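Colleague: need the 3D shape of this:
(chains A and B)
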Amino acid sequence: DSGVTQTPKHLITATGQRVTLRCSPRSGDLSVYWYQQSLDQGLQFLIQYYNGEERAKGNILERFSAQQFPDLHSELNLSSLELGDSALYFCASSVEDYLDTQYFGPGTRLTVL
Amino acid sequence: KNEVEQSPQNLTAQEGEFITINCSYSVGVSALHWLQQHPGGGIVSLFMLSSGKKKHGRLIATINIQEKHSSLHITASHPRDSAVYICAVIPNRDDKIIFGKGTRLHILP
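Modeller: Just a heads-up that it's a prediction; the model follows:
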(Lines give C-alpha, C1' and ligand atoms only; values in the text may rest on other atoms or scores of the structure.)
Protein backbone atom coordinates (compact mmCIF):
# COMPACT_ATOMS: atom_id res chain seq x y z
CA ASP A 1 0.00 0.00 0.00
CA SER A 2 1.59 3.25 -1.22
CA GLY A 3 -0.55 5.52 0.96
CA VAL A 4 -2.00 7.21 -2.11
CA THR A 5 -5.71 6.63 -2.62
CA GLN A 6 -7.74 7.09 -5.77
CA THR A 7 -11.47 6.93 -6.30
CA PRO A 8 -13.31 5.47 -8.03
CA LYS A 9 -11.45 2.31 -9.08
CA HIS A 10 -13.59 1.84 -12.16
CA LEU A 11 -15.75 4.24 -14.10
CA ILE A 12 -17.90 3.48 -17.10
CA THR A 13 -19.55 6.35 -18.89
CA ALA A 14 -20.73 7.50 -22.28
CA THR A 15 -19.23 9.80 -24.88
CA GLY A 16 -19.89 13.46 -24.21
CA GLN A 17 -20.14 13.02 -20.47
CA ARG A 18 -18.03 14.58 -17.71
CA VAL A 19 -16.34 12.72 -14.85
CA THR A 20 -14.22 13.61 -11.84
CA LEU A 21 -11.37 11.47 -10.57
CA ARG A 22 -10.14 11.98 -7.04
CA CYS A 23 -6.72 11.48 -5.46
CA SER A 24 -5.53 11.74 -1.87
CA PRO A 25 -1.74 11.92 -1.56
CA ARG A 26 0.41 10.35 1.14
CA SER A 27 0.40 12.26 4.38
CA GLY A 28 3.02 15.01 4.18
CA ASP A 29 3.46 14.92 0.40
CA LEU A 30 3.00 18.31 -1.23
CA SER A 31 3.20 17.33 -4.91
CA VAL A 32 0.52 15.48 -6.82
CA TYR A 33 0.98 14.20 -10.37
CA TRP A 34 -1.62 12.90 -12.81
CA TYR A 35 -0.78 10.38 -15.52
CA GLN A 36 -2.74 8.68 -18.28
CA GLN A 37 -1.90 5.17 -19.44
CA SER A 38 -3.47 3.93 -22.63
CA LEU A 39 -2.64 0.78 -24.59
CA ASP A 40 -1.26 2.63 -27.60
CA GLN A 41 0.44 5.62 -25.91
CA GLY A 42 1.82 4.09 -22.73
CA LEU A 43 2.23 6.33 -19.69
CA GLN A 44 1.94 10.07 -20.28
CA PHE A 45 2.36 12.93 -17.86
CA LEU A 46 -0.70 15.16 -17.61
CA ILE A 47 -0.14 17.72 -14.87
CA GLN A 48 1.60 18.37 -11.54
CA TYR A 49 0.40 20.39 -8.57
CA TYR A 50 2.56 21.52 -5.70
CA ASN A 51 0.96 22.76 -2.48
CA GLY A 52 -2.15 23.91 -4.28
CA GLU A 53 -0.49 25.54 -7.27
CA GLU A 54 -0.04 24.17 -10.79
CA ARG A 55 3.67 23.47 -11.26
CA ALA A 56 4.01 21.70 -14.60
CA LYS A 57 1.68 20.84 -17.44
CA GLY A 58 2.26 17.96 -19.83
CA ASN A 59 0.08 16.48 -22.57
CA ILE A 60 -3.18 17.45 -20.97
CA LEU A 61 -6.07 18.14 -23.32
CA GLU A 62 -8.07 21.36 -23.02
CA ARG A 63 -11.11 19.22 -22.16
CA PHE A 64 -9.29 18.09 -19.04
CA SER A 65 -8.62 20.18 -15.95
CA ALA A 66 -7.30 19.56 -12.48
CA GLN A 67 -6.95 21.25 -9.16
CA GLN A 68 -5.37 20.67 -5.77
CA PHE A 69 -7.33 21.70 -2.71
CA PRO A 70 -6.07 23.18 0.59
CA ASP A 71 -6.13 19.72 2.19
CA LEU A 72 -3.83 18.65 -0.72
CA HIS A 73 -6.21 16.19 -2.29
CA SER A 74 -6.56 16.61 -6.04
CA GLU A 75 -9.26 16.13 -8.62
CA LEU A 76 -8.93 15.54 -12.35
CA ASN A 77 -11.96 16.60 -14.36
CA LEU A 78 -12.50 15.08 -17.79
CA SER A 79 -15.25 16.55 -19.94
CA SER A 80 -16.77 15.98 -23.38
CA LEU A 81 -15.44 12.46 -23.15
CA GLU A 82 -14.41 10.61 -26.28
CA LEU A 83 -13.80 6.91 -26.87
CA GLY A 84 -10.06 7.61 -26.97
CA ASP A 85 -10.11 8.87 -23.40
CA SER A 86 -10.59 5.32 -22.18
CA ALA A 87 -7.46 4.60 -20.16
CA LEU A 88 -6.00 4.04 -16.73
CA TYR A 89 -5.51 7.30 -14.86
CA PHE A 90 -2.87 7.26 -12.15
CA CYS A 91 -2.20 9.78 -9.47
CA ALA A 92 1.15 9.89 -7.70
CA SER A 93 2.54 12.00 -4.90
CA SER A 94 5.97 13.00 -3.66
CA VAL A 95 7.34 15.05 -0.83
CA GLU A 96 8.50 17.99 -2.93
CA ASP A 97 9.14 17.55 -6.65
CA TYR A 98 10.20 15.32 -9.52
CA LEU A 99 13.56 14.52 -7.90
CA ASP A 100 11.80 12.71 -5.07
CA THR A 101 10.45 9.18 -5.14
CA GLN A 102 6.90 9.14 -6.45
CA TYR A 103 4.28 6.96 -4.80
CA PHE A 104 1.54 5.81 -7.13
CA GLY A 105 -2.10 5.28 -6.40
CA PRO A 106 -3.90 2.14 -7.64
CA GLY A 107 -5.36 4.00 -10.61
CA THR A 108 -8.84 4.65 -11.96
CA ARG A 109 -9.87 2.66 -15.01
CA LEU A 110 -12.08 4.82 -17.22
CA THR A 111 -14.13 3.23 -19.95
CA VAL A 112 -15.96 5.50 -22.35
CA LEU A 113 -18.67 3.75 -24.38
CA LYS B 1 11.58 8.76 -32.74
CA ASN B 2 10.81 8.30 -29.05
CA GLU B 3 13.00 10.30 -26.70
CA VAL B 4 13.19 7.30 -24.35
CA GLU B 5 13.84 3.87 -25.80
CA GLN B 6 13.84 0.63 -23.85
CA SER B 7 15.20 -2.74 -24.86
CA PRO B 8 14.19 -5.43 -25.06
CA GLN B 9 10.44 -4.88 -25.41
CA ASN B 10 9.76 -8.40 -24.15
CA LEU B 11 11.97 -10.79 -22.23
CA THR B 12 11.32 -14.33 -21.08
CA ALA B 13 13.90 -16.01 -18.87
CA GLN B 14 14.29 -18.95 -16.51
CA GLU B 15 14.21 -18.53 -12.77
CA GLY B 16 17.67 -17.72 -11.45
CA GLU B 17 18.92 -15.96 -14.56
CA PHE B 18 20.61 -12.55 -14.47
CA ILE B 19 18.38 -10.00 -16.18
CA THR B 20 19.39 -6.73 -17.84
CA ILE B 21 16.95 -4.12 -19.14
CA ASN B 22 18.29 -1.13 -21.01
CA CYS B 23 17.09 2.45 -21.35
CA SER B 24 18.53 4.98 -23.79
CA TYR B 25 17.40 8.57 -24.06
CA SER B 26 18.13 11.45 -26.39
CA VAL B 27 17.62 14.45 -24.11
CA GLY B 28 19.70 15.92 -21.31
CA VAL B 29 18.26 14.74 -18.02
CA SER B 30 18.48 15.72 -14.40
CA ALA B 31 17.21 12.37 -13.14
CA LEU B 32 15.91 9.00 -14.24
CA HIS B 33 13.32 6.73 -12.63
CA TRP B 34 12.82 3.00 -12.90
CA LEU B 35 9.27 1.83 -12.22
CA GLN B 36 7.72 -1.61 -11.91
CA GLN B 37 4.16 -2.24 -13.02
CA HIS B 38 2.62 -5.43 -11.69
CA PRO B 39 0.25 -7.59 -13.76
CA GLY B 40 -2.63 -6.15 -11.74
CA GLY B 41 -1.69 -2.65 -12.89
CA GLY B 42 -0.14 -1.19 -9.73
CA ILE B 43 3.02 0.91 -10.19
CA VAL B 44 5.93 0.97 -7.77
CA SER B 45 8.94 3.24 -7.96
CA LEU B 46 12.13 1.17 -7.80
CA PHE B 47 14.90 3.74 -8.17
CA MET B 48 15.55 7.40 -8.79
CA LEU B 49 19.04 8.05 -10.18
CA SER B 50 20.93 11.17 -11.10
CA SER B 51 24.36 9.54 -11.29
CA GLY B 52 26.24 6.32 -10.64
CA LYS B 53 24.64 3.20 -9.28
CA LYS B 54 22.03 2.16 -6.73
CA LYS B 55 21.27 -1.26 -5.26
CA HIS B 56 18.21 -2.52 -3.45
CA GLY B 57 18.06 -6.21 -2.66
CA ARG B 58 18.43 -8.12 -5.93
CA LEU B 59 17.92 -5.02 -8.04
CA ILE B 60 20.73 -2.80 -9.32
CA ALA B 61 20.31 0.34 -11.41
CA THR B 62 23.07 2.26 -13.15
CA ILE B 63 23.15 5.43 -15.17
CA ASN B 64 25.76 6.94 -17.49
CA ILE B 65 24.81 10.57 -18.00
CA GLN B 66 27.40 11.18 -20.75
CA GLU B 67 26.27 8.16 -22.80
CA LYS B 68 22.57 8.86 -22.05
CA HIS B 69 21.99 5.30 -20.94
CA SER B 70 20.71 3.43 -17.91
CA SER B 71 20.42 -0.24 -17.07
CA LEU B 72 18.32 -2.16 -14.59
CA HIS B 73 19.71 -5.51 -13.48
CA ILE B 74 17.93 -8.25 -11.58
CA THR B 75 20.09 -10.95 -9.99
CA ALA B 76 18.76 -14.44 -9.20
CA SER B 77 15.47 -13.68 -10.96
CA HIS B 78 12.27 -15.14 -9.57
CA PRO B 79 8.77 -15.60 -11.04
CA ARG B 80 7.52 -12.80 -8.76
CA ASP B 81 9.78 -10.43 -10.71
CA SER B 82 7.46 -10.88 -13.70
CA ALA B 83 6.17 -7.40 -14.46
CA VAL B 84 6.57 -4.48 -16.83
CA TYR B 85 9.62 -2.33 -16.08
CA ILE B 86 9.38 1.29 -17.15
CA CYS B 87 12.16 3.82 -17.51
CA ALA B 88 11.27 7.51 -17.14
CA VAL B 89 13.48 10.57 -17.49
CA ILE B 90 13.24 14.10 -16.14
CA PRO B 91 14.52 16.37 -18.95
CA ASN B 92 16.66 19.36 -18.06
CA ARG B 93 14.67 21.53 -20.49
CA ASP B 94 11.32 21.49 -18.66
CA ASP B 95 11.22 18.87 -15.88
CA LYS B 96 8.23 17.13 -17.51
CA ILE B 97 8.72 13.40 -17.08
CA ILE B 98 8.91 11.26 -20.22
CA PHE B 99 8.24 7.52 -20.04
CA GLY B 100 9.62 4.68 -22.09
CA LYS B 101 7.18 2.11 -23.44
CA GLY B 102 8.29 -0.49 -20.93
CA THR B 103 9.90 -3.93 -20.97
CA ARG B 104 7.62 -6.87 -20.26
CA LEU B 105 9.54 -9.46 -18.22
CA HIS B 106 8.34 -13.00 -17.72
CA ILE B 107 10.33 -15.30 -15.43
CA LEU B 108 9.54 -18.98 -15.81
CA PRO B 109 9.75 -21.29 -12.76
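Colleague: phi first, then psi, for residue 84.
Modeller: No chain was given, so I picked chain A. In terms of degrees, to the nearest 10, the main-chain angles of residue A:84 are phi -70, psi -10.
Colleague: tell me where chain A has helices.
Modeller: Applying DSSP state H to chain A gives no helices.
Colleague: distance of the residue nearest the centre of it from residue A:47?
Modeller: The centre of chain A sits closest to residue A:34, judged by CA atoms, centre = their mean, with a distance of 3.3 Å. The gap separating residue A:34 from residue A:47 is 5 Å, by CB to CB, to the nearest Å. In this view, the C-beta of every residue, glycine as well, is placed from N, C-alpha and C.
Colleague: one more: residue B:105?
Modeller: For residue B:105, the distance to residue A:47 - CB to CB - is 30 Å.
Colleague: how about residue B:92?
Modeller: From residue B:92 to residue A:47 the distance is 20 Å (CB to CB).
Colleague: quick one, which of those two is more surrounded?
Modeller: residue A:47 (23 against 11; other CB atoms under 10 Å in any protein chain shown).
Colleague: beta partners for that one?
Modeller: With DSSP bridges applied, residue A:47 shows beta-bridge pairing to residue A:34, residue A:57.
Colleague: ok, it - contacts?
Modeller: Applying CB atoms under 8 Å, 6 or more residues apart in numbering or on different chains to residue A:47 gives the contacts A:33-34, A:54, A:56-58, A:60, A:66, A:76.
Colleague: equivalent analysis for residue A:36, please.
Modeller: By CB under 8 Å, 6+ apart, the contact set of residue A:36 is A:43-44, A:46, A:59, A:87-90.
Colleague: between those residues, which has the most around it?
Modeller: residue A:90 (26 neighbours).
Colleague: thought that residue was touching residue A:32?
Modeller: No: contact criterion CB atoms under 8 Å: residue A:90 and residue A:32 do not qualify, at 11.0 Å.
Colleague: hey, where'd the strands end up in the chain?
Modeller: This is for chain A. A:5-7, A:10-13, A:19-24, A:31-38, A:42-50, A:53-57, A:64-68, A:74-78, A:87-94, A:103-104, A:108-112 (DSSP state E).
Colleague: the intended chain is chain B.
Modeller: B:4-7, B:10-14, B:19-25, B:29-37, B:43-49, B:52-56, B:59-64, B:69-74, B:83-91, B:98-99, B:103-108.
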